[in-house]
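Colleague: Model the structure of this input:
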Amino acid sequence: MNLSYYITTGLITSTTSFLIGFFAVFKNKKGFLNKAFLFYCFSIGFWVFAWTMMISAKDSSVSMFWNRMVHSAAILIPIFLLHFISIITEIQKKRTIRILYIISFFFLFLAWQSNLFLLKVKPKFIFNFYSEPGLLYPIHLFVMVLVTVYCVVKLFETYKLSQGLKRNQLKYLMVALVIGYVGGFTAYLPVYNIPIPFWTFYGISVCVIVVAYAILRYRLMDIRVAITRAGSFIIVYTLVLGIPFWIGFKFLGRGLWIIPVSVTAFLATLGPFIYLYVDRKAEDRLLKEQRRYQESLKQASIGMTRIRDLKRLLDLITHIVTKTVRISFAAIYLHSAETNEYVLQVSRDKGRTPIPKLVSDNPLIAWITTKRDPLIYEEVKRVAQDTYNSTYRHLEENMRLLTATVIIPCLLDNRLVGFFVLGEKLSGQIYTPEDLNVFQVLASQAALAIENAQFYEEAKEMHEQVAQAEKMATVGTMADGLSHQINNRFYALSLIAGDTVDTIKLTDTSKCAPEIKEMLNQINHALERIQANVIQGGEVVKGILKYTRKGDEGFEALTIDQVLDGALDMVQYKIKLSEIDIVRNYSKDTPKIKGNLVQLQEAFFNFIDNAYDAMVERRGLLKEEDYRGKITISAQPRIGGKLEITVQDNGMGIKDNSLKRVFTPFFTTKASSHKGTGLGLYVIKRIIEENNQGKIRFASEYGQGTSFVIELPLAQG
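Modeller: Numbers count the residues shown, from 1 in each chain. Down below sits the predicted model:
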């Protein structure tokens, strides 16, 4: 090999190093990792450039100047390498870095001020001039080798503990360092009069190319394609091909060197096109599996909208994603309108315990709702480390708690229905942009399918509630006939029991044995109990009949006591009035109201019934000592001919997210659907406002109680 080979190789390598370092910092100027990589690339690039100038200089003094520049850059390379590796492996070595800085500055001083490090330059082999080592030169080599080996070892240790994307990043970085430094250290062989094997010097270029590949392919740093392909082609090839020709004409003039350099330029121009062809063929082969599962996901997204069962739909989505893409973990969170939270609905994992829910004002929810794009954990983590931005720190923390590698928002129009949480691929590969696009299509179709399934379930539930309400209405219309039949049976039982009691009383039992007398006494007592229960049963039937009859008699002047007494007569057979206090906080001369007695009794029946359930719930949940339920009914005349009646309880109260839905049909706040149909308060509102020309409002504090305020017109005269 002649000298021009090493000059050309050196210039190409230095130019490539400068460009890669520039592009790395171009996308993220504030990132510590990007800055460290920039300094590392620039130190390598300047070292190779200075080395090229040193070996090609025609004057010993000029060569000695560049010799000092070469070793100045070489002294800085280890410290920049260690800095870069400590950031990417997250291993804090501040003390080691400080010591290395001190050693580096010591050698920099020697490189420019003493012959103990660099003695002189002289011709060696094909090189015009080359370094002649001083007494302390071996120490410099020892430090470089020691730091390089240390960095490779730390990379390997971190590599063994890593997985997925991080593992791939470290793998390529280790390969790059080994190849690059094997090639780089051969530049020191002529110092000790050993020739450089021509092929090893390419290692430096391979090192930079491998790192660049890891940057673009495995997101080693926050960098994308900084410029378009056309722009990249023009800029790179202007520099790569233009510089050798300029130097050749500048220092060598016209000569035969133009032929091999021109051939090299021609082949270098064809290289990208050949590469693109080979790369496309290789991708078709290597990404065959990836494209297969992407197509499967697209097909699955089409058929999801036909599934009406929500649980089956969610199970199917997670099953398809985990099995088709072969990922370690998948979960789906959906928005709950009742709690205004995003709740975990389904999870397919291996030993993971994800957090069960996220509140709607969580930074993660706000981010994906606003940005509407997938979140990748490695990118979020890197930005959080580089910028110390609190938003990214919160995002990183939430994604770590969710054990999420990727989060895909599930959006319908501008509303966030939920989101998918995906773990790492079992293959260790990253999620490509094509993967994320397919998942976004899947999430969009899933949002529509989920809404359809939710609507179907709500409609089904509403249908059941309507059917139940119709049954109750049917029972109400049958009340007259049923009460007549039941009263007839009660009357018959009463006659039979009475006749039997009379027969026992008229029978002479004086000659009967004591056992017979005792038996007759027990029978007599049992029959008397039957008569008493028959009378009580008749009263219950009367109460039911009174409650269910329509207010055909119209409106009349009523006292509050009339309304309240009737409601209590009925409610006592459903709840235990002895467990609570009913406080009548109004005077006896409170003005009468104009209303329908039966309808108003029905309304107050519901107030008392609901309050009782709320007090039972509070007693069960809060476990308060000396707690006793209390319902207070107050009344006060108001301007405009109205009487304001307040029904206040000290029950559990209503949650904030349910306050707006209290008067909605089929909405119930009771703990079990078997305890309420969700029609009570809706019916009360219609009774008060539509039938009795009044108004109703309420206030509630969860854990404290609820109060309903009713305004009804006063009776005239």
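
Colleague: Low-confidence bits of the stretch 401-550 of the chain, can you list those?
Modeller: 461-484, 536-537, 539-550 (pLDDT under 70).

Colleague: What ranges does the stretch 1-150 of the chain have for its helices?
Modeller: Applying DSSP state H, counting those that start in this stretch to the stretch 1-150 of the chain gives helices spanning 3-27, 32-56, 60-88, 94-113, 137-161.

Colleague: Val662 reaches Lys685, doesn't it?
Modeller: No: Val662 is not in contact with Lys685 according to C-beta atoms under 8 Å; the separation is 9.0 Å. Quick note: C-beta positions are derived from backbone N, CA and C, even for glycine.

Colleague: for Ala557, helix, strand, or coil?
Modeller: Assigned with DSSP: H, G, I helix; E, B strand; the rest coil, Ala557 falls in the strand class.

Colleague: So it is in contact with Ile593, correct?
Modeller: Yes: at 7.5 Å, Ala557 counts as touching Ile593 under the criterion of C-beta under 8 Å.

Colleague: Between these two, tell me which one has more neighbours.
Modeller: Shown here are Ala557 and Ile593; by other C-beta atoms under 10 Å, Ile593 has more neighbours (26 against 14).

Colleague: Next, the closest residue to the more buried one other than its chain neighbours: phi, psi?
Modeller: What sits nearest to Ile593 in space, not counting adjacent residues and going by C-beta to C-beta, 6 or more residues apart in numbering, is Leu712, at 4.5 Å. According to degrees, to the nearest 10, the main-chain angles of Leu712 amount to phi -130, psi 150.

Colleague: if I pick Leu712, what's in contact with it?
Modeller: Ile593, Lys594, Gly595, Leu600, Lys642, Leu643, Ile645, Ile688, Asn692, Gln693, Gly694 (C-beta atoms under 8 Å, 6 or more residues apart in numbering).

Colleague: circling back to that earlier point, joint contacts of Ala557 and Ile593?
Modeller: Common contact partners of Ala557 and Ile593 (C-beta under 8 Å, 6+ apart): Ala715.

Colleague: so which strand or helix has Leu448?
Modeller: If you go by DSSP states H and E, Leu448 is part of helix 433-477.

Colleague: my bad, Ile654
Modeller: Per DSSP H and E, there is no helix or strand for Ile654.

Colleague: cool, Arg308 as well?
Modeller: Counting by DSSP H and E, no helix or strand carries Arg308.

Colleague: what about it, distance to Leu621?
Modeller: 35 Å (C-beta to C-beta, to the nearest Å).

Colleague: more neighbours, those two?
Modeller: Between Arg308 and Leu621, Arg308 has the larger neighbour count (other C-beta under 10 Å), namely 16 against 11.

Colleague: now the more buried one: how far from Ser587?
Modeller: From Arg308 across to Ser587, the span is 59 Å (C-beta to C-beta).

Colleague: likewise Ile631?
Modeller: 18 Å.

Colleague: Likewise for Ser328?
Modeller: 72 Å.

Colleague: same question, Pro363
Modeller: Distance, Pro363 to Ser587, by C-beta to C-beta: 56 Å.

Colleague: And the two? Which one has more around it.
Modeller: Each of Pro363 and Ser587 has its neighbours counted (other C-beta under 10 Å); Pro363 has more, 16 against 8.

Colleague: And the pLDDT at the more buried one?
Modeller: According to the prediction, Pro363 has pLDDT 89.

Colleague: ok, and the closest non-adjacent residue to it?
Modeller: His394 (4.0 Å).

Colleague: Equivalent analysis for Leu493, please.
Modeller: Spatial nearest neighbour of Leu493, excluding adjacent residues (C-beta to C-beta, 6+ apart): Val534 at 5.2 Å.

Colleague: list the contacts for the one you found?
Modeller: Contact analysis of Val534 by C-beta under 8 Å, 6+ apart lists Phe490, Leu493, Ser494, Ala497.

Colleague: just Phe251 next, same as before
Modeller: Contacts for Phe251 (C-beta under 8 Å, 6+ apart) come out as Ser56.

Colleague: now swap in Ile55 and tell me
Modeller: Ile55 touches Leu3, Tyr6, Ile7, Gly10, Ser63, Phe127, Asn128, Phe129, Tyr130, counting by C-beta under 8 Å, 6+ apart.

Colleague: ok, so of those residues, who is nearest Ser578?
Modeller: Set against Ser578, the nearest of those by C-beta to C-beta is Gly10 (99.8 Å).

Colleague: What distance do you get for the spatially closest residue to Tyr456 that is not a sequence neighbour to Ala459?
Modeller: With sequence-adjacent residues excluded and distances taken as C-beta to C-beta, 6+ apart, Tyr456 is closest to Arg308, at 4.5 Å. Going from Arg308 to Ala459 by C-beta to C-beta gives 10 Å.

Colleague: before we move on, what about Ile368?
Modeller: From Ile368 to Ala459 the distance is 29 Å (C-beta to C-beta).

Colleague: The two - which one has more neighbours?
Modeller: Between Ile368 and Ala459, Ile368 has the larger neighbour count (other C-beta under 10 Å), namely 21 against 11.

Colleague: just checking, what packs against the helix or strand hosting the more buried one?
Modeller: Assessed by DSSP H and E, Ile368 sits inside helix 363-371. Judged by 3 or more C-beta pairs under 8 Å, 6 or more residues apart in numbering; DSSP states H and E, helix 363-371 is in contact with strand 357-359, strand 375-376, helix 390-401, strand 406-412, strand 415-422.

Colleague: again, 10 Å this time
Modeller: Under the contact criterion of 3 or more C-beta pairs under 10 Å, 6 or more residues apart in numbering; DSSP states H and E, helix 363-371 touches strand 341-348, strand 357-359, strand 375-376, helix 390-401, strand 406-412, strand 415-422.

Colleague: And stretch 430-449, what's buried?
Modeller: Buried residues in stretch 430-449, counted by 16 or more other C-beta atoms under 10 Å: 430-431, 435-436, 438-440, 442-447, 449.

Colleague: in the helix or strand containing Asp315, what counts as buried?
Modeller: Assigned by DSSP H and E, Asp315 belongs to helix 310-325. Residues Leu310, Leu313, Leu314, Asp315, Leu316, Ile317, Thr318, Ile320, Val321, Thr322, Thr324, Val325 are the ones in helix 310-325 that count as buried (16+ other C-beta under 10 Å).

Colleague: That helix: what's the following helix or strand?
Modeller: strand 330-336.

Colleague: Give me the mean pLDDT for that following strand.
Modeller: Confidence over strand 330-336 (mean pLDDT, whole number) is 89.

Colleague: That strand pairs with which strands, parallel or anti?
Modeller: strand 341-348 (antiparallel), strand 415-422 (antiparallel) (DSSP bridges).

Colleague: Taking helix 363-371 as reference, get the angle to the first one.
Modeller: It refers to strand 341-348. Orientation of strand 341-348 against helix 363-371 (axes from the mean of the first three to the mean of the last three C-alpha atoms, to 10 degrees) gives an angle of 100 degrees.

Colleague: Give me the mean pLDDT for strand 341-348.
Modeller: 88.

Colleague: just how off-centre is that strand within its chain?
Modeller: Mean-position distance between strand 341-348 and its chain equals 10 Å (C-alpha atoms, centre = their mean, to the nearest Å).

Colleague: Cool, thanks, signing off.
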